[in-house]
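>>> Quick check, what structure comes out for this input:
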Amino acid sequence: MTNAGPSDRKTRLWPVTVSAAVAFAILLGLGTWQVQRLHWKEGLIAAIDERIASRPAAFADIEQRYSETGDVDYYPVTVSGTFEHDGEQFFFATHNGQSGYYVYTPLRLADGRAILVNRGFVPFDRKVSASRSEGQVRGLVTVTGLARNPLAAKPSWVVPDNDPPSNIFYWKDRDSMAANAGLDAQELLPFFVDADATPNPGGLPVGGVTIVSLPDNHLQYAVTWYGLAAALAGVFIVWSWKRRA
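Below is the predicted model of the structure:
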C-alpha cells in the first residue's frame, strides 16, 4: 500500500474547500440579510411609535393621505357618524386572556358613506347585541381611534377561512365584512378605524384593543448565522491544518 502524496492530498482538499467556502458565504449572506432586516424593523417600529404619538387628525386628512399613499396604519383620527348596529361583524380574538370577538360596526357618515369601526372586544357570551344593549349607542357619535389599512389577502394559510354565514371572521377581509353587513361597496371607505379605550355605556365593547407588537428577533438571527459561519471557518481551519500535517 502506498501513502498519498502531497499532490493527492491537495487534490482531495479542493472539493471540501470549495464546499466550505460556499457554505461560509451563504451563512454570511444570511447574517447580513438579518442585519438589514433589523434596521428595517427598527425604522418601522419608530415610524409606528411616531404615528401613534401624533395628535388625532381630521377624517378628511386621513382620507387624503390614504388616496395619496395607500397607507394610514396607526394614524390617530377622529370621525363622526351614526352606528348601524344591525350590521355588526365579529372578528375572532382574545383580550386579556379571554376569548371572544372584536365588534366591527358600520358607522354612517353625514355624506352617506360608511366605514367599519372596530369598537372593541366582547366575550363569547355577549356576542348577541341584546346582552349588551346599553352599549348600542344611538344618534350621532364621535369616535377617536387609529386608522388601519385593509388586508389584501389572508395573511397565512394557517389562518382559518372566514365564515360569513355564521358572522365569524378570522382575518380582516374588509370587503367580505362589508358585504355581510349589507353595505354598498360604492359607499364604503377603504380603511378601518380601531376605536380607542373611551368606555362604552355598560362597559361593552371594550375599546382600545389595537395590538401594536412587531417581533424583532433579527439581531438574534444575525448572531446565529454569523456564529455558524465562524464555527464553520474554525472547523475548516483545524481540519485543513491536520490534513496538511
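
>>> all strands of this structure, in order?
57-58, 76-83, 89-95, 98-108, 114-123, 140-148, 192-195 (DSSP state E).

>>> will you turn these into a markdown table that also has mean neighbour count and distance to V35?
Placement of C-beta: from N, CA and C, glycine included. Formatted as a markdown table, the strands of the chain follow (neighbours: other Cβ atoms under 10 Å; distance: least, Cβ to Cβ, whole Å):
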| stretch | mean neighbour count | distance to V35 |
| --- | --- | --- |
| strand 57-58 | 14 | 35 |
| strand 76-83 | 19 | 32 |
| strand 89-95 | 19 | 34 |
| strand 98-108 | 21 | 36 |
| strand 114-123 | 24 | 36 |
| strand 140-148 | 18 | 30 |
| strand 192-195 | 24 | 33 |
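
>>> Can you verify my assumption that V122 contacts G202?
No. Contact between V122 and G202 fails when scored by Cβ atoms under 8 Å: they sit 10.6 Å apart.

>>> list the residues that contact both of those two?
Common neighbours of V122 and G202, counting by Cβ atoms under 8 Å, 6 or more residues apart in numbering, are R132.

>>> got a list of what I62 touches?
Counting by Cβ under 8 Å, 6+ apart, I62 touches 72, 75, 77, 147, 191.

>>> Starting from D161, give me the distance back to the spatially closest residue to the second one that is not a sequence neighbour.
Spatial nearest neighbour of Y75, excluding adjacent residues (Cβ to Cβ, 6 or more residues apart in numbering): A147 at 4.8 Å. With distances taken as Cβ to Cβ, to the nearest Å, A147 is found 26 Å from D161.
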